[in-house]
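Participant: Here is my input; please provide its structure:
(2 chains)
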Protein chains: 2
Amino acid sequence: MMEPQTTPNVASIVETAFTWPKGFYSDGLHAGLKAEKPDLGWLFSKVPASAAGVYTTNQFCAAPTALTKETINHDHQLQGIIVNSAIANSCTGPQGKLDALKEQALMAKKLGVSQNLIGVASTGVIGEMLPMDKIKAGIAKLKQTKSAKVTEAVLTTDTHTKTIAVKFEIAGHQCTMAGFCKGSGMIHPKMATMLGFVTTDAKISGACLQDLLSEEVDTTFNQITVDGDNSTNDMVVTMANGLAMADEESLTPDHPDYPVFAQAYHQVLSALAKEIARDGEGATKLVEANVKGAANDLDAQHVAKAIVGSNLVKAALFGQDANWGRIMGAIGATDADLDVNRVDIKLNGINIVLSSHGVEYDEWLLRQKLAEDQIKIDVDLHHGFGKGQAWGCDLTYKYVQINASYRS
Amino acid sequence: MMEPQTTPNVASIVETAFTWPKGFYSDGLHAGLKAEKPDLGWLFSKVPASAAGVYTTNQFCAAPTALTKETINHDHQLQGIIVNSAIANSCTGPQGKLDALKEQALMAKKLGVSQNLIGVASTGVIGEMLPMDKIKAGIAKLKQTKSAKVTEAVLTTDTHTKTIAVKFEIAGHQCTMAGFCKGSGMIHPKMATMLGFVTTDAKISGACLQDLLSEEVDTTFNQITVDGDNSTNDMVVTMANGLAMADEESLTPDHPDYPVFAQAYHQVLSALAKEIARDGEGATKLVEANVKGAANDLDAQHVAKAIVGSNLVKAALFGQDANWGRIMGAIGATDADLDVNRVDIKLNGINIVLSSHGVEYDEWLLRQKLAEDQIKIDVDLHHGFGKGQAWGCDLTYKYVQINASYRS
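Facilitator: Below is the predicted model of the structure:
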């Protein structure tokens, strides 16, 4: 007999002030890689945690990203991660690999844990070597605190920290999940690196966590775009130490509360992803495309991402221009199954295209709506039941300024 | 026995002042679709010409583009083409189709030829209807001249006309090939429509011409990018009326002078393609990526196009910043076969990356080179014998300004 399907109780997931889950410690400081801001941090669990990661698909995978991937894939266990900004340790050859290994060893030694349980993440300039003396001195000073300073230490051209924490119940135990990320652009020579870290005290096997992350990342981090470029250092890592669930069994897809965990995870990942889009280099607006009526979910996701990825759409939204021809152009340029005469488009709730034709609308009202700092583009393809979302930002003078400024 | 392979004699293809090939006539005028500039033109041959075309892959194919495709595909014959700017006749439904047919009929009637021999091209605002009274009055005024005014009548936000003419010899007969195109951006609501027209008095069958165009377009027009957006109206059409070759047989791939024709055609198409890239909206520089050492030509083309298509690379070049990490990022984001440790990169002749590592270079000299209005990015992947090129432009404040300006 089939189990009745459990619907997650949304009310049971509560967003809370940023706080680390049970047994997680962290710290951050200025090690001298940047002029004065925090540039080095760590994050660890007092016991080994189940771990999962997703990594850049760029063929020039940076040394720290490759090492973390190898470390996690070994047995999906991780106890801590060392993170620096300012220098990406990418395109740095054999020395770069040695430096990443050295960071791993230094943190492992200081915590007294196996080197195989430490991940490494770097973001910043490509092609420069890490100043290992500064890194070493910095690691020596990092403490076992509950500080959130690591969420600052990962930043580059981000205008603010990006954090979220939620609480939820699994089998009667209150669990916490905390996530932070960085992504926006970079110091010279720049790349829009994205790093994301999620910690939780829920109990789940590394394999289950990896499956869930790989699935969730397709509808969250993989659906954001700032400029279509893809960095050598991108990664999202999750650690689950189980400390809130005492002697309970690990969560599996069969567990009645698994949907609660999955939904909390989705909420954390999508909130972080949206924050990266909102804080895209030079952005003044978060742009969300919601596509429905596609032949399948994948088509809907492609169409949504094509819309938020179009430079012409992005520039029009910066100019508060209801330029629907560009949205049609972006949709039509995909290979999604379409009925080309049945597309409807709304901009912040106002119908502008019905059955692939422009409709009359209140110009004044629409301009007011387009002046808001969040733009929703709702598209109905009337061609099936597939749904998908994507997030991006507008294309502004400041984007060009940030990315054209000569290294000084 | 194999024929010895004929190598085209480059010296035999001579660029010349713009002139129409034998038997081609043209005109252009202001019909009232734009405020004052030429907005309507035609182009025709006194005898039916072999014809070939390539068309947008956007699923929302505009009415005139669809009609021209159908007309040419019928038997690869065309005698003339009517062209307007200002209004794209795209996303205009059944009325748009009727209007395109009406334009075709009006031109056919005036020339006294079959409607099935007339193509139609439009570029401009999406979603607006053509003012057919103005079009009709305009067609009535068009004359059989040798004027080049049609090359102005197709323009939108282009800053200048884009034309080229070459002369070459086939079997002792002097032939001419003349091409013009438009592409840059557009009037409100804008799309970066690209239209290209090539005429020649060489003699070649429609089928051969189509094969050659389809092949050549992959390494020319399909290798340019201004902003990655793809219009509903794009097309490149070629007409060959054979009038310079009297009673000679039509060119086929077996003809000893076929390589001369193919090379002239390539020269015309690539010159026009580069002109579009150079005149990209807001551009200050033409950017050319030359990739060699790829596993195959297709990989090389993908890598070249990824480089010139990267917003980060484009903004860096606007800022005269030798930001090679972004070029590596763009290369690595493709699925081309790479040896990730063997990539070399030159910027305007100066080595900046060797074996995937940054090298020391003369900063002052490189900055001078990057101030030039043409940037060559030479990449050697050291992974095979594949070669490819692509052309684009820098990303500037003016691009954002042009595309963000609210419809006034």
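Participant: contacts and neighbour counts: CA atoms only from here.
Facilitator: OK.
Participant: sec struct for A:Gly293, please.
Facilitator: strand (DSSP: H, G, I helix; E, B strand; the rest coil).
Participant: How much space separates it from chain B?
Facilitator: 17 Å (C-alpha to the nearest C-alpha, to the nearest Å).
Participant: what's the nearest residue to A:Met129 if we skip its chain neighbours?
Facilitator: Nearest residue to A:Met129, sequence neighbours excluded (C-alpha to C-alpha, 6 or more residues apart in numbering or on different chains): A:Asn89, at 6.0 Å.
Participant: Apologies, that question was intended for A:Tyr399.
Facilitator: A:Gly282 (4.3 Å).
Participant: I figured that neighbour was touching A:Phe318, is that so?
Facilitator: No: with contact defined as C-alpha atoms under 8 Å, A:Gly282 does not count as touching A:Phe318 (10.5 Å).
Participant: any idea of the pLDDT on the residue nearest to A:Tyr399?
Facilitator: A:Gly282 is assigned 83 on the pLDDT scale.
Participant: Report the separation between it and A:Gly96.
Facilitator: 31 Å (C-alpha to C-alpha, to the nearest Å).
Participant: Could you do A:Pro21 as well?
Facilitator: Counting by C-alpha to C-alpha - A:Pro21 and A:Gly96 are separated by 33 Å.
Participant: Which of the residues in the helix-or-strand element of chain A with minimal mean pLDDT are classified as buried?
Facilitator: For chain A, using mean pLDDT, DSSP states H and E, the weakest element among its helices and strands is helix A:397-404, scoring a mean of 79. Counting neighbours by 16 or more other C-alpha atoms under 10 Å in any protein chain shown, one finds that the buried residues in helix A:397-404 are A:397, A:399-404.
Participant: Considering these, which is situated nearest to chain B?
Facilitator: Ranked by distance to chain B (C-alpha to the nearest C-alpha), the buried residues of helix A:397-404 are led by A:Ala404 at 4.0 Å.
Participant: That closest one contacts B:Asn311, doesn't it?
Facilitator: No: using C-alpha under 8 Å, A:Ala404 is not in contact with B:Asn311; the gap is 10.3 Å.
Participant: Packing partners of the longest helix anywhere in chain A?
Facilitator: Assignment by DSSP state H gives helix A:258-278 as the longest helix of chain A. Judged by 3 or more C-alpha pairs under 8 Å, 6 or more residues apart in numbering or on different chains; DSSP states H and E, helix A:258-278 is in contact with strand A:162-170, strand A:173-183, helix A:206-219, strand A:286-294, strand A:386-393.
Participant: where exactly do the strands run in the stretch 101-250 of chain A?
Facilitator: Along the stretch 101-250 of chain A, counting by DSSP state E, counting those that start in this stretch, strands occupy A:118-122, A:162-170, A:173-183, A:194-200, A:235-240.
Participant: So for B:Val217, which of those sits nearest?
Facilitator: Of all the strands of the stretch 101-250 of chain A, the one in closest proximity to B:Val217, counting by C-alpha to C-alpha, is strand A:194-200 (36.5 Å).
Participant: Contacts for the closest one, please.
Facilitator: A:20-22, A:24, A:121, A:175-184, A:231, A:233-242, A:272 (C-alpha atoms under 8 Å, 6 or more residues apart in numbering or on different chains).
Participant: Equivalent analysis for stretch A:204-216, please.
Facilitator: Outside of stretch A:204-216, the residues within contact range by C-alpha under 8 Å, 6+ apart are A:50-54, A:75-77, A:238, A:240, A:242, A:250-253, A:262, A:266, A:269.
Participant: Buried residues, it. List them.
Facilitator: Buried residues in stretch A:204-216, counting neighbours by 16+ other C-alpha under 10 Å, are found at A:204-210, A:212-213, A:216.
Participant: ok, now stretch A:356-369?
Facilitator: For stretch A:356-369, by 16+ other C-alpha under 10 Å, it's A:356-358, A:366, A:369.
Participant: and chain B, which of these reach it?
Facilitator: A:356-358 (C-alpha under 8 Å from any C-alpha of the partner chain).
Participant: per-residue pLDDT, A:Ile187?
Facilitator: For A:Ile187, the predicted pLDDT is 31.
Participant: relative to strand A:173-183, how tilted is the longest helix of chain A?
Facilitator: Computed by axes from the mean of the first three to the mean of the last three C-alpha atoms, to 10 degrees, the angle separating helix A:258-278 from strand A:173-183 equals 20 degrees.
Participant: Helix A:258-278 - what's its average pLDDT?
Facilitator: For helix A:258-278, mean pLDDT is 91.
Participant: Output the buried residues of stretch A:204-216 as a markdown table; include the columns pLDDT.
Facilitator: Formatted as a markdown table, those follow (pLDDT from 0 to 100):
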| residue | pLDDT |
| --- | --- |
| A:Ile204 | 95 |
| A:Ser205 | 94 |
| A:Gly206 | 93 |
| A:Ala207 | 94 |
| A:Cys208 | 94 |
| A:Leu209 | 95 |
| A:Gln210 | 94 |
| A:Leu212 | 93 |
| A:Leu213 | 93 |
| A:Glu216 | 90 |
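Participant: Tally up the residues packed near A:Ala246, please.
Facilitator: Using other C-alpha atoms under 10 Å in any protein chain shown, A:Ala246 has 12 other residues around it.
Participant: List the contacts of A:Ile350.
Facilitator: A:361, A:366.
Participant: Around chain B, pick out the residues from the stretch 301-408 of chain A.
Facilitator: So far as C-alpha under 8 Å from any C-alpha goes, the stretch 301-408 of chain A lies against chain B at A:310-312, A:315-321, A:323-326, A:328-330, A:332-334, A:338, A:340-341, A:356-358, A:395-397, A:400-401, A:403-407.
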